[in-house]
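> predicted coordinates and the sequence they were generated for:
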Amino acid sequence: MQTRSTLFQRIILPGFAFKAVVIGGGYATGRELATYFLPSGPWGGLIAMLLSMAIWSLVCAATFLFALQTRSTDYKAFFRSLLGPFWPVFEIAYFCALIVILAVFAAAAGAIGQSLLGWPLIAGSLTLMAGIILVATWGNEAVERLFKYVTVFLYATYAIFVALSLFRFGDRMLGAFAQHPPITGWAAGGLTYAGYNILAAVVVLPVTRHMTRRRDAIAAGLLAGPLAMLPAILFFLCMVAYFPEIASQTLPSDFLLQKLDVPGFRAVFQLMIFAALLESGTGSVHAINERLAHAYQAHVRRPFPKAARLGATVAVVIGSVFVAARFGLVQLIAEGYTWLSYAILIIFVLPLMTLGVMQLVRRRREPIPLAPAAGAA
């Protein structure tokens, strides 16, 4: 028997989950902000971030609403409803994207371990992958608890980071906006950044099982954009204090922490980034596991075994570590994310905002189907 879902589960948890997947691939280290927003200057970068946030909210609302109407709590069911017989195109693209995204996480974890503890790059990467394997193996409840608790840690750490930055170099932050007028080209950065990160809307589909009404889906989607972008905006405001010098740093976060010169907080912040990478990577792998779990349950009529979850997770993360070791963080973000953004816009966003919206309009008076029975957790 299913328990009644709470307001947190129906409206806030999807935004937390979306933020969880976005932050690792989107801005945990600041490298992504430096790549897509700093080239437009402080003002242009801020405007581009607001554009990305608006796109996230709009697409998340449409995604959650379509998932609710079709009761698609994994990406295979979602794209079978959206693309029909062409749904495998997304699965191929998602698997390739997952390798690139996890490779970015592994490279970032390796850079953090090297910067903070003097570890070889591979050590930090393997530590992160071990954490992803541990949490993803335990299924929905473990993943959702991770989203909840890491979010609190993350927001608190960013709040302290901004307060310290304002105290130490707040004058430089204000001066950067006064000295550098908006630079053209901010729209391209905002669209590209929104494009590859919007994949998270599909990754977090398992949490939509808690939704019961259309307004749950719309409210959760509209809230997801601000919840995901607020820490990024705060981080960006701190980064502009050292614009344009900071744009060339592999780990802008560590560059700023050295400027703050608070050793204890530096360790806390790097731990927060590691936790953010852990929840992002776990969320991405969990989407694969849930797709396999639903297929397994449909054929065998039994819950997906934890041993099978473990095997699937290990297989995915091993390849990602090797990609990270081969290309490195900066090259993966600058090159891998660009083509990924175009692929996601063509395969996911364009069909959703045309074919998907048409389906929603046509079926707007139909009742919401009953939620599928739980059993793949």
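Good, I have the coordinates.

> would you map the helices across the stretch 201-350 of the chain?
Taking DSSP state H, counting those that start in this stretch, the helices of the stretch 201-350 of the chain run over residues 214-239, 252-260, 263-300, 306-327, 329-331, 337-344, 350-351.

> for residue 188, find the nearest of those helices.
helix 337-344 (10.4 Å; CB to CB). Yep, even glycine has a C-beta here, placed from its N, CA and C like the rest.

> buried ones in that closest one?
Within helix 337-344, the residues scored as buried using 16 or more other CB atoms under 10 Å are 337, 340-341, 343-344.

> stretch 240-250 now?
Those would be 240-243, 246-247, 249-250, for stretch 240-250 by 16+ other CB under 10 Å.

> just to revisit the earlier point, need the buried residues of helix 337-344 in TSV with distance to residue 282 and pLDDT, can you?
Below are the buried residues of helix 337-344 laid out as TSV (distance: CB to CB, whole Å; pLDDT from 0 to 100):
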residue	distance to residue 282	pLDDT
337	20	64
340	19	75
341	22	77
343	23	84
344	20	85
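
> closest to residue 6 out of these?
Nearest member of the buried residues of helix 337-344 to residue 6, counting by CB to CB, is residue 344, at 31.1 Å.

> in this structure that closest one contacts residue 194, no?
No - contact criterion CB atoms under 8 Å: residue 344 and residue 194 do not qualify, at 9.7 Å.

> so what sits against both of these two?
The contact sets of residue 344 and residue 194 do not overlap (CB atoms under 8 Å, 6 or more residues apart in numbering).

> which one of the helices of the stretch 201-350 of the chain has the lowest average pLDDT?
Among these, helix 329-331 carries the lowest mean pLDDT, at a mean of 56.

> what mean pLDDT does stretch 113-121 have?
Computed over stretch 113-121, the mean pLDDT rounds to 83.

> so what touches it?
So stretch 113-121 is contacted by 107, 110-111, 123-125, 127, 251, 254, 266-267, 270, 325 (CB under 8 Å, 6+ apart).

> TSV for the buried residues of helix 337-344, including distance to residue 141?
Formatted as TSV, the buried residues of helix 337-344 follow (distance: CB to CB, whole Å):
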residue	distance to residue 141
337	31
340	30
341	32
343	32
344	28
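
> now flag whichever of the residues you listed is closest to residue 357.
Top of the list for closeness to residue 357, among those and by CB to CB, is residue 344 at 17.4 Å.

> residue contacts, the closest residue to the closest one other than its chain neighbours?
Once flanking residues are discounted, residue 344 sits nearest to residue 199: 5.1 Å by CB to CB, 6 or more residues apart in numbering. Counting by CB under 8 Å, 6+ apart, residue 199 touches 21, 94, 97, 340, 344, 348.

> so the last one touches residue 90, yeah?
Yes - with contacts counted by CB under 8 Å, residue 348 reaches residue 90, the gap being 6.6 Å.

> what do those two both touch?
residue 202.

> quickly note the distance from residue 55 to residue 69.
For residue 55, the distance to residue 69 equals 21 Å [CB to CB, to the nearest Å].

> which member of the buried residues of stretch 240-250 is positioned nearest residue 304?
Out of the buried residues of stretch 240-250, the member with the shortest distance to residue 304 (by CB to CB) is residue 250, at 38.5 Å.

> just checking, that closest one touches residue 108?
No - when contacts are counted by CB under 8 Å, residue 250 is not listed as touching residue 108 (9.4 Å).

> residues near residue 184, how many?
9 (other CB atoms under 10 Å).

> reduced to three states, what does it come out as?
State at residue 184, reduced to three classes by DSSP: H, G, I helix; E, B strand; the rest coil: coil.

> distance check, residue 284 against residue 20.
Distance from residue 284 to residue 20, by CB to CB: 10 Å.

> what do you get for residue 217?
Separation of residue 217 from residue 20 (CB to CB) stands at 18 Å.

> check residue 195 too.
As judged by CB to CB, residue 195 and residue 20 stand 19 Å apart.
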